[in-house]
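Undergrad: Compute the structure for the input listed below.
(3 chains)
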Amino acid sequence: MLELLVRCETWCGQMRNFLGSRALPNFIYHRPTNMEEALWLLKNLKGECKIIAGCTDFIPAIRRGAWSFSDGLNVIDIKGIKELSLIAKEGERIRIGAATKLSEIVRSPTIRKHALVLAEAVREMGSLQVRNFGTVGGNLCTASPAADTAPPFLVLDAKVKVKGIGKEEIVPLTKFFVGPGETILGSREILTEIQFPAMKPDEQHCWIKMGRRNGFTLSVISLATRVKVKDGVFDTVRIALGAVAPTPMRATEAEGYLIGKEKSAHVINEGCKIVAREVKPISDVRASSEYRKDMAYVLTKRALMAGLK
Amino acid sequence: MKVPVRFKVNKEEHKLEVDPRTTLLELLRNQLKIKSVHRGCEVGDCGACTVLLNGEPVYSCLTLAVQANEAEITTVEGLMKDHELHPLMKSFLENRGLQCGYCTSGLLMTAYFLINNLGELTEEEIRKGIEGNICRCTGYMGIVKAIKAAAEGKNSGNWW
Amino acid sequence: MENKERRLVSGKGQFVDDLEFAGMASLVFVGSPYAHAKILRIDVNKALETVGVLTIITGKEIVELTNPLPVQADLKGPGWIWRLPKVYALAVARVRWYGEPVAAVVAEDENTAREAADLIEIEYEPLPFVNDVVEAMKPGSPLLYSEWESNVQAHVKFDFGDVDSAFAEADRVIKVSWREGRASGFPIEGRGCVASYDKIMESLTVWGSFQTPFTAKHIFAETLGMPEVKVKIVSVDIGGAFGNKLHTWKGQVVALASVLTGRPVKWFELLREWIVTGPHQRDVVWEGEVAIKNDGRVLGLKANVIIDLGVEGTNRGLGTMSIIPACCSVPNAYHWKGMHVEGYGIVTNKSFYCAYRGYGKDKGIKFIERVMDQVAREVGITPEEVRFINFIQPDEFPYRQINNYTYDSGNYPAVLNKALELAVVKYCRERQRELTQQGKYIGVGMAFTIEPAGIAAPNTLFGGMTEANVKIMPDGTVEVNSDWTDLGQGAEESNAIIVSDILGCKIEDIVVPPVTSDWIGMGPLSSRGAVYIASAVAKAAKMIREKILTCASVFLKEPRENIDIADGIIYSVDDPEKRLTYKELAQRVYFFPGPRAFPKEVLLKHDHLLDVTTTWYSPNTAETGSTYTTFCSSADVAVVEVDTQTGVTKILKYVHVHDAGKIISQEIVDGQIHGGVVQGIGEALYEKLVYSQNGLLLSDSYSDYLMPTATDSPDIIVGHLETPSPFTELGSKGMGEAPIIGSKAAIIAAIEDALTPFNIRVSNSPATREKVWKWIRDSQKKSNNEVT
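TA: Numbering: from 1, shown residues only, chains lettered A, B, ... in the order given. Prediction:
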């Protein structure tokens, strides 16, 4: 499975030779067992460092020549750090460790009860094999605009914890993504966990993923919503979309329009038109921007109309 | 710099020193000579290299061998009892679940997991479960039939 | 005796990638990053210095040490254009498509070869490229071959029947068009081979994922300048082929590597290299007009097809020839008065053209099925009615179609009727009407396919040769040899079934060794397994049965007429206690007592050996000149639902009814149907090779060249009818390609039917989600008089 936006075909200005499948670089493998060790490595290792958990993005990108690293790369495998592989509910707050396998999220009773939108989204990511090895943190850090864990986390108002050398901060996910394939993470920082408040019983959610085929497919557009309607009026509205902008995004303008208005077909229609204007998709081999814009409208409408009599 | 790893493959213990860039696929095929695990794409798009890692199907092309340290790995060879075919394999033969055989070893591992873990499988659940194993020959009909029959056989005790 | 499927299911496949030889080196190809460029300079020094690199081969060595790849088809006819480029196994001076192999690195292991590959410095001068056939045909377009006047590799013309009077009699003439995107099979296992050159014996053996070992031997020998007797090609287990592995190009470089290094050399490509440098197919543009009567009878057709051959289709593989069945297959299952069909094979900067299930026959048939649907709509009848009206009738066989093919047998109305019944079309159409009121769009689509099978083409490497051998070994096992390479389509099993049926031996006692170039033949392409090879094997089995009876009568002391064979026992019908097992007979014939026991009549006729090698040729081709021998028929009916807001097509029901003549194994045939139908669905909805602005292939992996997963594939309802062929030994007909042809047409037809309220004619494929969405939007804008 490979998320790619930009083909890295140049090499020192020359076009790189076409090679069907490239060798992985010679790297030095580190497997810290706890965060102190991981941070110590980040502080003291000379040369380029790459943090991995599952390799479901790392290996394909190198094989295709999209990413390339020189020999002597330090690969820091954080899969062995127990504290990074947890799903916990503390009061009303849910914490997910960054190295938690996607398949754990799908079957976790905690997530299914308190953040079903996330479980539903992850269930449709890649394939069983990808979910059994890929991690939620890896998906966020590769930062494809089509990352499927991002829209559910965004509607859950998630924050991420970033640890670096002598630093620890909590950043709202809305500020985490900077551009296609880029996050705020420095080269010596680790995303350690994602936190968000548990969904309330009176909130509804929806997850819709659209790819080019039914199964095992990259998203052409993905949509997550979290909505609370009180006395027929939109009280809480979160709408997040993937693959329609340089980063996964919240449709904040549409949200602002809907909140406080009556949940009616007309209002929903207007709100969805705003979503279609807010998204900034590109045209690529998977879909055109026009299609994505229209799907933003169509799918958001389906999500919000659900349950409307 | 080589890294020591230790794991069980089909219940047999191995202690090796591996170049960290070796994938589990390369290790199984090239060093341990377990050829049932096939190379198709090396990028996790086809499923031919699927093995069970601690009982769960993964793409061995996307797993570094060092990441399988202390793990239990199962391949098709591990499903057989001496020379006796596993009931799932018999079901694939009886129900024409294979033609060229290239996707089969990977598919068997995914199917084995699905039947062990999902209990009574509907056709929809089977198809969703094997979506990460591409087959170009059979159109999936024989495969779905074989998995369904094997799951029913498990209920009657024909399983291990 | 372990049969092949049992071996495969236990993980004991022996595919190319599994082969290991002492001292085996690894070869990796390095390709062009440009769609079209001059090669100015190749500097391999840095790469050669890498520890573990044994040698590097570039175009320079290829030109010095090998011959150009031999031409596979030379079909210039009167008034035709047929141009043959000179092609070497690696690029020489110029690269003509993104990924075209420019060099090959041979090293101790694959990783070393891959790393050294990046150290090869190649300087290119990019040239303007062309990757659209319409552009390529314009004057002033970049030329792929400077010695050619244009980018037309082939132009063929056919006149069938009397097209002028067909048009003169017509009530109406309708314009028709149909386009298919570029697609191919790309089975999960890529190409690969291990070549081993023996310096002392000066002989070459190549084990590979090859469909056609005998033809391959000729090509390897010619290219390397070796006597054919010194070259042996062995097919190992093949992970899917579908015609994509009919060619063996790239293997010649591997063979040269073995000659140069003195070591066995393995090359095995993964999916990306397979898709970028492998054989491409489909990619056609049809335009024409059909002349009809008001009641829906078709009279005549004038049509042109333009096929995008990529760099060429005559040297690396055999694609250009497919233009001919593309034109000739158009008449399909119907009565016609006349046709004029022209085909253009255009070269562009894309990978070369070869074979994929359907080859060329699929092109004409899919086109005409779309035409029939259009005719039906035009005159206001159902798609089934237009077919019933025009069908060749059961009492007309053998039927000499206007394209000079002689159709052997069939009952087309019965096949279509059965499909309509199984699909419950009447009920589906009622539901369709109800659901449209609710804003849901269901469509019923169908297609009828005649599959010409068993090609014998003059002036090509594929003229219809086949050889079969059956022998009884001293231990009583039966060995069957032929050119029926097993690609997963059940060839070994079919051989065993045919022989055990005729010889009465136990199926477990039959051994079908892997196919090698030792046996003359073309391989199982063009569905000829059930036609030529099955016939040759059956014939050989019948001949050896006669010898068995002769020998048995000597040892049982019974007249031949009194002897029968069943379940591995050769026995006297009158006195079953007088019996021999195959092993007992063989021991007596070979050794104890041996040939001395035979009467002199047998010995003087030299008729004492339990071994028959024979050949077979199509009586249809011989007597009527029909290029193909059998013509199975099939009907596909698809019911789909189209989500008109998103463009998503959901398959609600799928039916395929097939008449493959006398079926050798229904399970094998069903498997071929399932697989072919799902491939056709893939082409109808997803599969397309897409290029960037710079001429680079963007869909270069299974993530972008999308095939159906298990969740994209429907449950397929299959029905069978059998009208045996009078032209084959067993009455069997080749059937492997029909399912991929009808399925694509039926799905497209169903989508078009679902979109009837939007007045959309689907003349383009694949009907991806976005495309369907766009057609609907465009039609809505038209009806609102909006400017698009």
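Undergrad: Touching, C:K539 and C:V470? I think so.
TA: No - the criterion here is CB atoms under 8 Å, and C:K539 misses it with C:V470 at 9.5 Å. All C-beta spots, glycine's among them, are computed from the backbone N, C-alpha and C.
Undergrad: who has more neighbours, these two?
TA: C:V470 (31 against 19; other CB atoms under 10 Å in any protein chain shown).
Undergrad: Quick one: residues contacting the closest residue to that one other than its chain neighbours.
TA: Counting by CB to CB, 6 or more residues apart in numbering or on different chains, C:V470 lies nearest to C:A540, which is 4.5 Å off, once chain neighbours are set aside. Residues near C:A540 by CB atoms under 8 Å, 6 or more residues apart in numbering or on different chains: C:A468, C:N469, C:V470, C:V612, C:T613, C:T614.
Undergrad: again with A:P197
TA: Each residue near A:P197 by CB under 8 Å, 6+ apart is listed here: A:E92, A:R93, A:I94, A:L156, A:D157.
Undergrad: hmm, back to that, please identify which helix or strand holds the residue nearest to C:V470.
TA: helix C:534-556 (DSSP states H and E).
Undergrad: just how off-centre is that helix within its chain?
TA: Helix C:534-556 has its C-alpha centroid displaced from the chain centroid by 33 Å (CA atoms, centre = their mean, to the nearest Å).
Undergrad: Please tell me how far C:Q393 sits from A:R226.
TA: Distance, C:Q393 to A:R226, by CB to CB, to the nearest Å: 65 Å.
Undergrad: Kindly report the same for C:E492.
TA: C:E492 is 58 Å from A:R226, by CB to CB.
Undergrad: what's the neighbour count on A:C49?
TA: Using other CB under 10 Å, A:C49 is surrounded by 17 other residues.
Undergrad: Could you do the one 3 residues further on as well?
TA: Using other CB under 10 Å, A:I52 is surrounded by 22 other residues.
Undergrad: Likewise for C:G161?
TA: C:G161 has 18 neighbours, counted by other CB under 10 Å.
Undergrad: residues in chain B within reach of chain A, list them.
TA: Within reach of chain A by CB under 8 Å from any CB of the partner chain, chain B has these residues: B:1, B:3, B:19-21, B:23, B:42-45, B:47, B:50, B:53, B:56-59, B:61-64, B:66-67, B:69, B:110, B:113, B:127-129, B:131-134.
Undergrad: For chain B, what's the nearest residue on chain A?
TA: Using CB to the nearest CB, A:S127 is the residue of chain A that sits closest to chain B, at 2.3 Å.
Undergrad: Would you mind confirming that C:P595 is in contact with C:D607?
TA: No - between C:P595 and C:D607 there is no contact, the gap being 10.4 Å when judged by CB under 8 Å.
Undergrad: Buried subset of the contacts of C:A540, written for PyMOL?
TA: Selection of the buried residues among these in PyMOL, burial being defined by 16 or more other CB atoms under 10 Å in any protein chain shown:
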select buried, chain C and resi 468+469+470+612+614
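Undergrad: Helices - which of the contacts of C:A540 land there?
TA: Assignment to helices by DSSP state H places none of the contacts of C:A540 there.
Undergrad: Please identify which of the contacts of C:A540 is nearest to chain B.
TA: Checking the contacts of C:A540 one by one against chain B (CB to the nearest CB), the nearest turns out to be C:A468, at 22.8 Å.
Undergrad: Can you pull the residues of the stretch 201-309 of chain A lying near chain B?
TA: A:N214, A:G215, A:F216.
Undergrad: For C:V678, see how far away the residue of chain A closest to chain B is.
TA: Remark: distance between A:S127 and C:V678 (CB to CB) = 18 Å.
Undergrad: do the same with C:F242
TA: 12 Å.
Undergrad: C:I365 too?
TA: As for C:I365, its distance to C:V678 is 18 Å (criterion: CB to CB).
Undergrad: now A:E36
TA: From A:E36 to C:V678 the distance is 53 Å (CB to CB).
Undergrad: Of these two, give the one with the bigger neighbour count.
TA: Ranked by neighbour count (other CB under 10 Å), A:E36 and C:V678 place C:V678 first, with 28 against 10.
Undergrad: Counting by contacts, list what the strand or helix carrying that one packs against.
TA: In this assignment (DSSP H and E), C:V678 forms part of helix C:666-685. If you count contacts as 3 or more CB pairs under 8 Å, 6 or more residues apart in numbering or on different chains; DSSP states H and E, helix C:666-685 packs onto helix B:141-155, strand C:172-183, strand C:649-659, strand C:716-721, helix C:738-754.
Undergrad: can you tell me which residues contact C:G59?
TA: By CB under 8 Å, 6+ apart, the residues touching C:G59 are C:I39, C:I42, C:Y88, C:L90, C:A91, C:V92, C:A93, C:V102, C:A103.
Undergrad: follow-up on the earlier one: with neighbour numbers in mind, choose between C:Q393 and A:R226.
TA: Comparing C:Q393 with A:R226 by other CB under 10 Å, the one with more neighbours is A:R226, at 22 against 12.
Undergrad: helices and strands around the strand or helix carrying the more buried one, which ones?
TA: Taking DSSP H and E as the criterion, A:R226 maps to strand A:219-230. On a contact count with 3+ CB pairs under 8 Å, 6+ apart, strand A:219-230 meets helix A:116-123, helix A:150-155, strand A:204-211, strand A:233-242, helix A:289-305.
Undergrad: any chance of these in JSON lines, plus mean neighbour count and mean pLDDT?
TA: Conversion of the helices and strands packed on strand A:219-230 to JSON lines gives the following (neighbours: other CB atoms under 10 Å in any protein chain shown; pLDDT from 0 to 100):
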{"stretch": "helix A:116-123", "mean neighbour count": "23", "mean pLDDT": "98"}
{"stretch": "helix A:150-155", "mean neighbour count": "30", "mean pLDDT": "98"}
{"stretch": "strand A:204-211", "mean neighbour count": "21", "mean pLDDT": "97"}
{"stretch": "strand A:233-242", "mean neighbour count": "23", "mean pLDDT": "97"}
{"stretch": "helix A:289-305", "mean neighbour count": "21", "mean pLDDT": "97"}
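Undergrad: and C:A291, which of these is closest to it?
TA: Among the helices and strands packed on strand A:219-230, the nearest to C:A291 by CB to CB is helix A:289-305 (38.9 Å).
Undergrad: From the contact counts, what lies against that closest one?
TA: strand A:204-211, strand A:219-230, strand A:233-242, helix A:265-278, helix C:769-783.
Undergrad: what about C:E20, which SS state?
TA: coil (DSSP: H, G, I helix; E, B strand; the rest coil).
Undergrad: which ones are touching it?
TA: Per CB under 8 Å, 6+ apart, neighbours of C:E20: none.
Undergrad: Which of the residues of the stretch 201-309 of chain A next to chain B sits closest to C:P739?
TA: For these, the nearest to C:P739 is A:N214 (20.8 Å; CB to CB).
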